[in-house]
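Peer 1: can you look at this prediction? I've put the sequence above it.
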Amino acid sequence: MSELVIKNLHVAIEGKEIIRGLDLTIRQGEVHAIMGPNGTGKSTLAYTLMGHPSYEVTEGEVWFKGQNILELEPDERSRLGIFLAFQYPVAIPGVTVANFLRTAINARRRAENPEDKGIPIPEFRKLLKSKMELLKMDPSFAGRYLNDGFSGGEKKRAEILQMAMLQPEIAILDETDSGLDIDALRIVAEGVNALRGKDLGVLVITHYQRILNYITPDFVHIMLGGRIVESGDAELALHLEEHGYDWVREKYEAVS
Ligand code: ADP
Ligand code: MG
């Protein structure tokens, strides 16, 4: 069983420390939610795990399958079995969702074996069909140009389908910020529910408690001031829904 282990992570942006000693372990089979007020460093965590160059890791490690992934390029992290969703996916007019997915799968196969001829088309079609059925997606979606004119919800659908096709062991989804309507949130939650199982570990990063009306995480963590300050089960999210973040601030801001 694989696990992603974040140890004493510190991250700075333009010299300012945003993440300040974060520890977290996500195992295959577990669904974790990180919640927290705006500006607390949730997206910074997601971008850092993705390997975005603007985020400077000043201390700490992130281990997966015996490697510190912070030393790896984003595509190497992906090949190792970590899926990192893009919060703002780019549109690729002229490239269909299906072609994009086939290219992604083939890139991964070739990285492992330069002689690889790519996934045979019938095998690819079968895989795509089964994943789209699992996610209750309309078959016509695969023929549309990737993210070209997609609604927020459709972009999320494309992202979840990509996750289903790449079959990662650990998936990290940053669902924060404005522009994400309740439909998009529900699509992500339903996708995670459809894909969750003993082989998949998930980290959902979110500002909104309401995503947890659709998904029941095994673990909920509250992030404040660049650290995880509280961890619990789904009850913790319900508590947040009822009481907001003020009690967390009162409890921890004085000491941080
Ligand atoms: P969250 O996702 O929890 O709302 P972020 O990780 O987006 O928080 O931001 C945490 C802090 O880092 C905020 O104070 C924000 O202003 C700052 N920050 C984030 N990205 C950048 C950036 N690219 N340049 C400068 N400051 C940034
Ligand atoms: Mg954010």
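Peer 2: Cool, got the structure. Bear in mind the structure is a predicted one, so any value in this text is a computation, not a measurement. Ligands and ions are numbered 1, 2, ... in the order given.
Peer 1: could you pull out the helices for this protein?
Peer 2: Using DSSP state H, the helices of the chain run over 42-50, 74-80, 97-112, 121-134, 152-166, 182-195, 234-243, 246-252.
Peer 1: helices or strands up against the last one?
Peer 2: Going back to what we said before, that points to helix 246-252. Helix 246-252 is packed against strand 219-224, strand 227-232, with contacts defined by 3 or more Cβ pairs under 8 Å, 6 or more residues apart in numbering; DSSP states H and E. C-beta here means a position set from N, CA and C on the backbone, and glycine is covered the same way.
Peer 1: quick check: buried residues in the last one?
Peer 2: In terms of neighbour count (16 or more other Cβ atoms under 10 Å), strand 227-232 has its buried residues at Arg227, Ile228, Val229, Glu230.
Peer 1: that older thread, quick one: which of the helices and strands packed on helix 246-252 is nearest ligand 1?
Peer 2: Proximity to ligand 1 (Cβ to the nearest ligand atom) singles out strand 219-224 among these, at 6.9 Å.
Peer 1: relative to helix 234-243, how tilted is the closest one?
Peer 2: Relative orientation of strand 219-224 versus helix 234-243 (axes from the mean of the first three to the mean of the last three Cα atoms, to 10 degrees): 50 degrees.
Peer 1: any bit of strand 219-224 sitting next to ligand 1?
Peer 2: No. Applying Cβ under 6 Å from any ligand atom, one finds strand 219-224 separated from ligand 1 by no less than 6.9 Å.
Peer 1: mind listing residues that contact that strand?
Peer 2: Applying Cβ atoms under 8 Å, 6 or more residues apart in numbering, the contact partners of strand 219-224 are 22, 24, 30-37, 40-42, 45, 212, 228-237, 240, 245, 248-249, 252-253, 256.
Peer 1: flag every residue of the stretch 1-150 of the chain that's near ligand 1.
Peer 2: Residues of the stretch 1-150 of the chain lying near ligand 1 (Cβ under 6 Å from any ligand atom): Ile13, Glu14, Ile18, Gly36, Asn38, Gly39, Thr40, Gly41, Lys42, Ser43, Thr44, Ser54.
Peer 1: next one: the second one, what pLDDT does it get?
Peer 2: At Glu14 the predicted local distance difference test score is 92.
Peer 1: repeat that for the fourth one.
Peer 2: The predicted local confidence for Gly36 comes out at a pLDDT of 90.
Peer 1: what of the last one?
Peer 2: Looking at Ser54, its pLDDT is 90.
Peer 1: what about Glu133, neighbour count?
Peer 2: Around Glu133 there are 11 other residues, counting by other Cβ atoms under 10 Å.
Peer 1: returning to that earlier point: from the contacts of strand 219-224, list the buried ones, please.
Peer 2: Buried members of the contacts of strand 219-224, scored by 16+ other Cβ under 10 Å, are 22, 24, 30-37, 40-42, 45, 212, 228-230, 234, 236-237, 240, 245, 248-249.
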